[in-house]
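Novice: 3D model of this:
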Amino acid sequence: MTRKARKPRARAAAASDRGRRDPLTLDKDEPIEAEAEVLDVAERDESALETPEFIERNLAADDGGGLVPFDPLSRYLAEIRRFPLLTREEELAIARRYAKFGDPKDAYRLVTANLRLVVKIANEFTRATRNLLDLIQEGNVGLMEAVKHFNVDVGIRFPSYAVWWVRAYIYRYLINNWRLVKVGTTQAQRKLFFNLRKESERLEAEGFAAAPKLLAQRMGVKEHEVREMQERMAQSEVSLDQPAGPDDDSSLLDSLADAAPNPEERAARDEWRNFAKAQVEEFARTLEGKELEIFRRRLLAEEPSTLQEMGGEFGLSRERVRQIESRLKRRFKEFVTAHAADLESAGG
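Specialist: Numbering: from 1, shown residues only. Model prediction:
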């Protein structure tokens, strides 16, 4: 069955950009959601739901009678053509039935009827990866997620809702597999990864220099994040196991400085730790009664007692306990400072 394509309408195109959540801001384990009221893509271009032209080109290109008549992609494209598309009425009835009874057969029907939509979307990203089938696979996962979350009562077509789930899963796949070392881990970094080049081209087309400060203002991120992402995208990965030079048997790893503290630094750190411990014990011996308890339970404990608890135990107000604690902090600082000066003079 076929559908009559309608011309794109500016109203729907503008609506698709309002209030929509950016799929690029999703965390790795964060569930993907889409705002259905602004996702009327099918109304913009229902021809997007028909078989893409490039499917026909791929199939025609493999009819030449070679040793391998179909490559995996062409075979997959031929396979999904067996599943008929759904009319608006059929789609509505199946979606309502699935929402009510949860029958996997209805979910299967919604997914298979929109497999060609996933292929069309995945084809938009072919320059970003060598394997289109990987993108199609991730997009199909997003399509299945869209079936689980689709609300038929919102009043839009299912493909219009599913398109954002499909793109979100493709985006996630691309950013996780762009390089061995991830170039984006936070929401802002993922947004920059996909939009930085596009925004730079837009600024240059408007006659502005794509400076990091201007890019940061246009994209709503910090300037140092733009600079950092530009550096990440400009550099390639280097193996630390590769030889340092053509005639050098050592690797790049051998030339890296050891970040661990040297023996002198470790000795100085241990000496200061022992000194601080001795000062705490010595200062504690100068205290008694409630001052000693407040010092131990408020200043030394990993989980300090509250002012209310200490005050109730000693018959004091919370403010009085706070005053004693402040006085102890000041005395302890003066005590340590005096002995630290003696230590420095002895060391000199």
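
Novice: now the strands for this protein?
Specialist: 243-245, 248-251 (DSSP state E).

Novice: can you list contacts of the shortest one?
Specialist: Okay, so that is strand 243-245. Applying Cβ atoms under 8 Å, 6 or more residues apart in numbering, the contact partners of strand 243-245 are 249, 250, 251, 252, 254, 255. For glycine as for every other residue, the C-beta is placed from the backbone atoms N, C-alpha and C.

Novice: Let me have the residues you listed in JSON lines, adding distance to residue 203 and pLDDT as columns.
Specialist: Converted to JSON lines, these look like this (distance: Cβ to Cβ, whole Å; pLDDT from 0 to 100):
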{"residue": "249", "distance to residue 203": "48", "pLDDT": "74"}
{"residue": "250", "distance to residue 203": "45", "pLDDT": "75"}
{"residue": "251", "distance to residue 203": "42", "pLDDT": "76"}
{"residue": "252", "distance to residue 203": "37", "pLDDT": "71"}
{"residue": "254", "distance to residue 203": "44", "pLDDT": "72"}
{"residue": "255", "distance to residue 203": "40", "pLDDT": "72"}
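
Novice: What is the nearest of the residues you listed to residue 130?
Specialist: residue 252 (27.2 Å; Cβ to Cβ).

Novice: can you pull the contacts of the closest one?
Specialist: 238, 239, 240, 241, 242, 243, 244.

Novice: before we move on, the earlier item: would you reformat the strands of the chain as a markdown table and include mean neighbour count and distance to residue 119?
Specialist: Output for those, formatted as a markdown table (neighbours: other Cβ atoms under 10 Å; distance: least, Cβ to Cβ, whole Å):
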| stretch | mean neighbour count | distance to residue 119 |
| --- | --- | --- |
| strand 243-245 | 11 | 44 |
| strand 248-251 | 11 | 44 |
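
Novice: Export those as JSON lines, with columns for distance to residue 177.
Specialist: Written out in JSON lines, the entries for the strands of the chain read as follows (distance: least, Cβ to Cβ, whole Å):
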{"stretch": "strand 243-245", "distance to residue 177": "27"}
{"stretch": "strand 248-251", "distance to residue 177": "26"}
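
Novice: and of those strands, who's closest to residue 107?
Specialist: Of these, nearest to residue 107 by Cβ to Cβ is strand 248-251, at 52.0 Å.

Novice: elements contacting that closest one?
Specialist: When contacts are defined as 3 or more Cβ pairs under 8 Å, 6 or more residues apart in numbering; DSSP states H and E, strand 248-251 sits against strand 243-245.

Novice: So what are the sheet partners of the strand it packs on and their directions?
Specialist: strand 248-251 (antiparallel) (DSSP bridges).

Novice: Neighbours of residue 107, how many?
Specialist: Residue 107 has 17 neighbours, counted by other Cβ atoms under 10 Å.

Novice: Can you tell me, leaving aside adjacent residues, what's nearest to it?
Specialist: Counting by Cβ to Cβ, 6 or more residues apart in numbering, residue 107 lies nearest to residue 147, which is 5.0 Å off, once chain neighbours are set aside.

Novice: what pLDDT does that neighbour get?
Specialist: With respect to pLDDT, residue 147 has a value of 94.

Novice: tell me, how many neighbours does the residue nearest to residue 114 when sequence neighbours are not counted end up with?
Specialist: With Cβ to Cβ, 6+ apart as the criterion, residue 114 has its nearest non-adjacent residue at 5.6 Å, and that residue is residue 159. By other Cβ under 10 Å, 25 other residues sit near residue 159.

Novice: From what I see, residue 159 and residue 117 are in contact.
Specialist: Yes: under the criterion of Cβ atoms under 8 Å, residue 159 makes contact with residue 117 at 5.4 Å.

Novice: which ones are touching residue 240?
Specialist: With the criterion set at Cβ under 8 Å, 6+ apart, residue 240 makes contact with 251, 252, 253, 256.

Novice: Widest-spaced pair of the residues you listed?
Specialist: Top of the distance list for these (Cβ to Cβ): 251 and 256, 9.5 Å.

Novice: show me where pLDDT drops low in the stretch 201-348 of the chain?
Specialist: Counting by pLDDT under 70, the ranges of the stretch 201-348 of the chain that qualify are 233-238, 341-348.
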